[in-house]
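Participant: predicted model follows, preceded by the sequence.
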Amino acid sequence: MIPAGNVDTRFVEEGFINLDPIQAAGRLTPEAMKAVISWGDGYSVCDHCHKPFRLDYVNNPPVADFHEEAAKWLNMDSVMLTPGARRAFQVVTGTLVGKGEPVVMTGMGHYTAYLSVEVVDGIVREIKPTPDHHITAEETANAIEDSIREVGTPKLVFVDAVDFMYGNMHEVKEIAKVAHQYDIPVLYNGVYTVGVLPVDGKKLGVDFIVGSGHKSMAAPAPSGLLAVNEEYADSITRTTKIQGNVTGRKFGIKQVGILGCSLMGDPVVGLIASFPTVKERVNHFDEELANHKIVTDALMSIEGTKVASEYPRRHTLTRMDTTESFNVTAQTHKKRGFFLSSGLAKRGITGIMPGVTKQWKFNTYGLTRPQAEYLADAFLDIAEENNLAIH
């Protein structure tokens, strides 16, 4: 047992190529690293929090400016910062969904989306994925109709732009059009897209955009944002009206949905410091896909290896099926399924779940071309070492 207070230095990004699906786009920029050291004290961001005592009004660091710039960047009308995407989900469900009221969401959504409905005693109605793991407008319409018939008109439709299971892209624009035909607002879950590739809320026709700072915007955890269109801005950002019955206390213009104060400390300064880099990098997603293709092409050249995600790939988070390649080796290898992660670790590569050789996920976002080529060669070397045929 390690005594409390003895925290080892983490040595991952400095010494390894990290393929962890949820960490790739959250690596801090040098600017963010510098900022979090300077602003790491608990209430440091509150140094300049004066009347009306709201963090989104703070100018040093430029929290207020960030809110405005982020809203413009996503082509939405306002932005609220939250401690992670899950809290953004909760703000929306807490505003729109009541006890026993249904919410339609994808059958491949993150568990926190489900919990954000449960916490308000709502009901989840799932959209059936297609056999190739996609969410379509047609199935969304079916889920809405089923909900209307069985439990009532949904208060919200959740749609994952890119799901975490397969890294597949879903027809958000078409789904939003269908939902709006029933006057149902749409939440775009962009935890794997906001900060990774261009996102335009008005073009997509969505009412809410949720992004994750620590998954996809090169920011410390927990950090996230909720972008809102004009129609729902007032209700989402509503301010307190409560008053103490004995003391008469009131609390100014504190926002109810986030319990007064939004993001503070390292998460917000890291998010802000990385923002110029993040805004620029989304314009080069084609280069990320080209690097990713180098790796997937190498993997698919190993006999029996398949891409379980949609193909050709449209995202750098991919699920591989190596049941008939690496998993065959695992049956007789002395390290069993751990031979793959062990072989990668010897080559300075981490992030693949240890012991898994049937289906596994990886994310190459942020790798350079030489790193992608090295990674491709590493997979081929491991295959050759274990007498797997390569085409």
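Facilitator: Looks like it arrived, so ask away. Residues are numbered from 1 along each chain as shown.
Participant: drop to CA atoms for contacts and neighbour counts, all remaining ones
Facilitator: Noted.
Participant: could you pull out the strands for the stretch 201-350 of the chain?
Facilitator: 208-212, 224-228, 306-307, 317-321, 349-350 (DSSP state E, counting those that start in this stretch).
Participant: and those as TSV, adding mean neighbour count?
Facilitator: As requested, the strands of the stretch 201-350 of the chain are exported to TSV (neighbours: other CA atoms under 10 Å):
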stretch	mean neighbour count
strand 208-212	29
strand 224-228	29
strand 306-307	20
strand 317-321	24
strand 349-350	22
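Participant: surely Gly270 is in contact with Ala221?
Facilitator: No - contact criterion CA atoms under 8 Å: Gly270 and Ala221 do not qualify, at 9.3 Å.
Participant: the two: which is more packed in?
Facilitator: Shown here are Gly270 and Ala221; by other CA atoms under 10 Å, Gly270 has more neighbours (30 against 18).
Participant: tell me which helix or strand the closest residue to the more buried one other than its chain neighbours sits in.
Facilitator: Using CA to CA, 6 or more residues apart in numbering and skipping residues adjacent in sequence, the residue nearest Gly270 is Ala32, 4.5 Å away. Element membership of Ala32, judged by DSSP states H and E, is helix 30-38.
Participant: could you list the buried residues of that helix?
Facilitator: Glu31, Ala32, Met33, Ala35, Val36 (16 or more other CA atoms under 10 Å).
Participant: of the residues you listed, which is the nearest to Gly5?
Facilitator: Val36 (19.8 Å; CA to CA).
Participant: could you list every residue that touches the closest residue to the closest one other than its chain neighbours?
Facilitator: In space, and not counting its chain neighbours, Val36 is closest to Asp266: 4.9 Å by CA to CA, 6+ apart. Contact analysis of Asp266 by CA atoms under 8 Å, 6 or more residues apart in numbering lists Ala35, Val36, Ile37, Trp39, Gly40, Pro220.
Participant: with Val186 instead?
Facilitator: Leu156, Val157, Phe158, Val159, Ala176, Ala179, His180, Val206, Asp207, Phe208.
Participant: could you dump those into TSV with distance to Asn6 and pLDDT added?
Facilitator: Shown next, in TSV, are the contacts of Val186 (distance: CA to CA, whole Å; pLDDT from 0 to 100):
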residue	distance to Asn6	pLDDT
Leu156	45	98
Val157	45	98
Phe158	42	97
Val159	42	97
Ala176	49	98
Ala179	51	98
His180	53	98
Val206	46	98
Asp207	45	98
Phe208	42	98
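Participant: tabulate the residues you listed (a markdown table), appending distance to Ala141.
Facilitator: Shown next, in a markdown table, are those (distance: CA to CA, whole Å):
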| residue | distance to Ala141 |
| --- | --- |
| Leu156 | 13 |
| Val157 | 11 |
| Phe158 | 13 |
| Val159 | 13 |
| Ala176 | 10 |
| Ala179 | 7 |
| His180 | 11 |
| Val206 | 16 |
| Asp207 | 18 |
| Phe208 | 19 |
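Participant: coming back round to it: would you list the strands of the stretch 201-350 of the chain in JSON lines and tack on distance to Met300?
Facilitator: JSON lines is the format used below for the strands of the stretch 201-350 of the chain (distance: least, CA to CA, whole Å):
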{"stretch": "strand 208-212", "distance to Met300": "31"}
{"stretch": "strand 224-228", "distance to Met300": "35"}
{"stretch": "strand 306-307", "distance to Met300": "6"}
{"stretch": "strand 317-321", "distance to Met300": "9"}
{"stretch": "strand 349-350", "distance to Met300": "19"}
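Participant: of the ones you listed, which is nearest Thr329?
Facilitator: strand 317-321 (13.8 Å).
Participant: partners of the closest one in the sheet?
Facilitator: Strands adjacent to strand 317-321 in the sheet, as given by DSSP bridges, are strand 306-307 (antiparallel), strand 359-363 (antiparallel).
Participant: make a markdown table out of the ones you listed and add distance to Val117 and mean pLDDT.
Facilitator: Shown next, in a markdown table, are the strands paired with strand 317-321 (distance: least, CA to CA, whole Å; pLDDT from 0 to 100):
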| stretch | distance to Val117 | mean pLDDT |
| --- | --- | --- |
| strand 306-307 | 33 | 98 |
| strand 359-363 | 27 | 98 |
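Participant: got the ones you listed as CSV, with distance to Asn168 columns?
Facilitator: Below are the strands paired with strand 317-321 laid out as CSV (distance: least, CA to CA, whole Å):
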stretch, distance to Asn168
strand 306-307, 11
strand 359-363, 12
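Participant: and the helix holding Ala32, average pLDDT?
Facilitator: Helix 30-38 comes out with an average pLDDT of 95.
Participant: tell me how far that helix lies from the chain's centre.
Facilitator: With CA atoms, centre = their mean, to the nearest Å as the basis, helix 30-38 stands 22 Å off its chain's centre.
Participant: confidence score at Leu388?
Facilitator: The model's pLDDT for Leu388 equals 97.
Participant: list the contacts for it?
Facilitator: Leu388 neighbours (CA under 8 Å, 6+ apart): Ile302, Glu303, Ser325.
Participant: what do you get for Ile236?
Facilitator: Val91, Val92, Thr95, Val228, Gly257.
Participant: can we see that at 10 Å?
Facilitator: Going by CA atoms under 10 Å, 6 or more residues apart in numbering, Ile236 touches 78-80, 91-96, 208, 226-229, 255-258.
Participant: just the ones in helices from these, please.
Facilitator: Val91, Val92, Thr93, Gly94, Thr95, Leu96 (DSSP state H).
Participant: now the first one: closest residue in space, sequence neighbours ignored.
Facilitator: Translated: Val91. Going by CA to CA, 6+ apart, Val91 has Gly257 as its nearest residue, at 5.2 Å.
Participant: good, wrapping up.
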